[in-house]
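Engineer: Next one to model:
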Amino acid sequence: MTTETELHAAVRLSVNLLRAYVTRDQAAVHRALEGLDRQRLEQVLAVLIVGHDVNFDELGEPSHSVKALRATAALAPIDAELAVTTAVDRVATGESGFLGAVADLDDLTGQIHTMAVTTAVMLTDALGAAGALQETDKWLRTATT
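Structural biologist: Now for the predicted structure:
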């Protein structure tokens, strides 16, 4: 069972990763998940899935540019970049839905980066970089109230 403190930490880690992608800070993207154990990684993934789904619904189910997804994925460590592009390609070709493509990835870190990349691109496309950062701040405020 996840405690409130663990949830806050998972939200903070998720937001840090999202902000790194939005600001195109490759060093921060690479550092974001360093040293995390499997349980914490699973918590981060859960936060990203919920956040993505909430924002996807709130923004009216926006489409995602494959070009923007690939460009943003290039900031990830190489294994994670491959995971993101694999999932994107599966969705773009109609082979799978988005969550199915993410779930089918073998690597938990790849799943996390895929969720973070798609969420960062979705927020940036819909709200601009400044608006995307404000939205991630809202995630933090929601988790701590």
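Engineer: rest of the way, CA atoms for contacts and neighbours
Structural biologist: Will do.
Engineer: In the lengthiest helix in the chain, which residues are buried?
Structural biologist: Using DSSP state H, we find that the single longest helix of the chain is helix 108-143. Residues of helix 108-143 classed as buried by neighbour count (16 or more other Cα atoms under 10 Å): 108-126, 129, 132-133, 135-136, 139-140.
Engineer: again with stretch 75-94
Structural biologist: 75-77, 80-91.
Engineer: For it, which outside residues touch it?
Structural biologist: Outside stretch 75-94, the residues that touch it by Cα atoms under 8 Å, 6 or more residues apart in numbering are 21, 24-26, 29-30, 66, 69-70, 73-74, 96-98, 101-102, 105, 107, 109-111, 113-114, 117.
Engineer: May I have that stretch as PDB, with CA atoms only?
Structural biologist: The C-alpha trace of stretch 75-94 is given here as PDB (Å, rounded to 0.1, in the frame of the first residue of the first chain):
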ATOM      1  CA  LEU A  75      15.800  13.600 -25.100                       C
ATOM      2  CA  ALA A  76      15.400  10.200 -23.400                       C
ATOM      3  CA  PRO A  77      18.100   7.600 -22.700                       C
ATOM      4  CA  ILE A  78      18.500   5.500 -25.800                       C
ATOM      5  CA  ASP A  79      16.600   2.500 -24.500                       C
ATOM      6  CA  ALA A  80      13.700   4.700 -23.400                       C
ATOM      7  CA  GLU A  81      13.700   6.500 -26.700                       C
ATOM      8  CA  LEU A  82      13.300   3.200 -28.500                       C
ATOM      9  CA  ALA A  83      10.400   2.200 -26.200                       C
ATOM     10  CA  VAL A  84       8.700   5.600 -26.900                       C
ATOM     11  CA  THR A  85       9.100   5.300 -30.700                       C
ATOM     12  CA  THR A  86       7.900   1.700 -30.700                       C
ATOM     13  CA  ALA A  87       4.800   2.600 -28.800                       C
ATOM     14  CA  VAL A  88       4.200   5.700 -31.000                       C
ATOM     15  CA  ASP A  89       4.600   3.600 -34.200                       C
ATOM     16  CA  ARG A  90       2.200   0.900 -32.900                       C
ATOM     17  CA  VAL A  91      -0.500   3.600 -32.200                       C
ATOM     18  CA  ALA A  92       0.200   5.500 -35.500                       C
ATOM     19  CA  THR A  93      -0.200   2.400 -37.600                       C
ATOM     20  CA  GLY A  94      -3.400   1.400 -35.800                       C
END
